[in-house]
Structure formats: C-alpha cells, structure tokens
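Trainee: What shape does this take:
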Amino acid sequence: MSDEREHIVRSFSEDLNQLKNLILKMAGLVENQLQLSLNSIIEHSSKDCNKIIKGDNAIDKLHIEVQNSVERIITLRQPISLDLRNVLAAMQIAKELERVGDLAVNSARRALIITQHAKIENLYDLDEYFTTTKNVLREALDAYVKNDLELARQVWNKDDLIDELYAKLFKQLLDQMNNDKKIAVPAIHLSFALKNIERIGDHATNIAEDISFILTADRNMHMSEHKKD
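Mentor: Numbers count the residues shown, from 1 in each chain. Sure thing, here's the model as predicted:
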C-alpha cells in the first residue's frame, strides 16, 4: 500500500472512530436522562425534573455534531459499501437517541404534574417495565459498540415483552381510575409517561435494525445473516 493510500485509510478510520465516539457520548447523556426520568416516577420525586428538561440541549447539540460529521465524511471520503453503511447508520442511531432524550424530557414534564398528587400505588409491573426498557436500550448500544448481530437480534426480540408489560400496566392504571375518579389527573399523566417508555423500546429496536443494516445490508432481523463485504 502506498504512503498516500495508507494515509487516506488511516484518516478515514480516524473519522469513523470520532463519529462513533460522538454517538457514545450522546448515548451516555441519553441514558442518564432516562435513568433520572425513571427515578422521578418510581420515587415520586420532582427534584431532578428541571435538570432533565435543561439537559436536553446538550443532546440536541451532539445530534447536530453527528449530522455535521456525517455530511463531512460523505463529502470528503465518499465511502462505499460497509463504510457507507457505518456512516449512515451512525446518523440514524443518533436520531433514535435524540428521540429517546425527548421522551425522557416528556416523561419528566409528566412527573412534575404526577408528583403534585398522591402517589399511585400497586402498579405491580412498574419496576420490571422500567428495568427491562432501560436494559434493552443499553444492550442495543452494546451491540453497536461490539458489532454484535446476535445481541442486536436479542434486543429486537424483546420488543414484544416491553409491549406486554406496557399493556399490563395500562390495564392496572385503568382499573384504578375506574375505581377512584380522584386519581384521574395523575393517572392520565402517568399513562402518557408509560407510553413514552414503550416508545423508547421501539427506538432501541430501531437501533438493533441499524446494526443489522451495518453488518448485513439488511434491516430485516428475520432474514439477515452475519455477512460482511
């Protein structure tokens, strides 16, 4: 390999690493926002809600940085095949993370209202629901870091579990509202927060599909096989 060619390959590799590091920095902020938001609901506390809302700006700025980096790489490096898929998927994953951040903020806004009322008890699947969704997002990001298609498939397969837990919780909440009309206001806001968490599971599933796209050029998790260019 000529010195010039070696320099080009090394420079492109550095660009990809910097892009991935931006994604991981963004992921760290998003996961922290999500954890604080879940804690606000579980602990029936509004102490971190304004911090969560203000923290969204940093995530949005990183999202813009990722977009700019992707545009620069495509313009200057003109990547093809696996390299191009890595760049395009990074942009899509950043978009998913930005939306998760928005959902964490929306849940925090709901928590501000929920905590002005008495805590709604006896939501038996709440801890499992929150833990499962948080872990699924973490596993999706781990799969991205490791280029692990099997782990991405496991994330994709857990979407039904999150949906089932959401349905159980919504029914529990609805039953309580029917039995006690006085909890209608906090229950309605909690139901919206629970739906936000379910949508976060959807975004984790989308990240899993992006990983499949990188590794197989196919987002169909049923059909894709672990092949590389």
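Trainee: Return the backbone torsion pair for Asn147.
Mentor: Main-chain dihedrals, Asn147, degrees, to the nearest 10: phi 50, psi 50.
Trainee: what's the single longest helix in this structure?
Mentor: helix 3-42 (DSSP state H).
Trainee: Which other helices and strands does it contact?
Mentor: Judged by 3 or more CB pairs under 8 Å, 6 or more residues apart in numbering; DSSP states H and E, helix 3-42 is in contact with helix 49-77, helix 81-114, helix 126-146, helix 184-216. Backbone N, C-alpha and C define where each C-beta goes, glycine included.
Trainee: repeat that with 6 Å
Mentor: Here helix 3-42 touches helix 49-77, helix 81-114, going by 3 or more CB pairs under 6 Å, 6 or more residues apart in numbering; DSSP states H and E.
Trainee: So, low pLDDT: which residues of the chain?
Mentor: Scanning the chain with the threshold set as pLDDT under 70 gives 1-10, 222-229.
Trainee: change it to 50
Mentor: By pLDDT under 50, the weakly predicted segments of the chain are 2-5, 7-8, 224-229.
Trainee: Might you report the residue contacts of Lys158?
Mentor: If you count contacts by CB atoms under 6 Å, 6 or more residues apart in numbering, Lys158 has them with Val136.
Trainee: Kindly list the main-chain dihedrals of it?
Mentor: Backbone geometry at Lys158, expressed as degrees, to the nearest 10, gives phi -90, psi 0.
Trainee: Would you mind measuring from it to Arg138?
Mentor: Relative to Arg138, Lys158 is positioned 12 Å away (CB to CB, to the nearest Å).
Trainee: Need the helices and strands packed on helix 3-42 in JSON lines (columns: mean neighbour count).
Mentor: Below are the helices and strands packed on helix 3-42 laid out as JSON lines (neighbours: other CB atoms under 10 Å):
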{"stretch": "helix 49-77", "mean neighbour count": "16"}
{"stretch": "helix 81-114", "mean neighbour count": "21"}
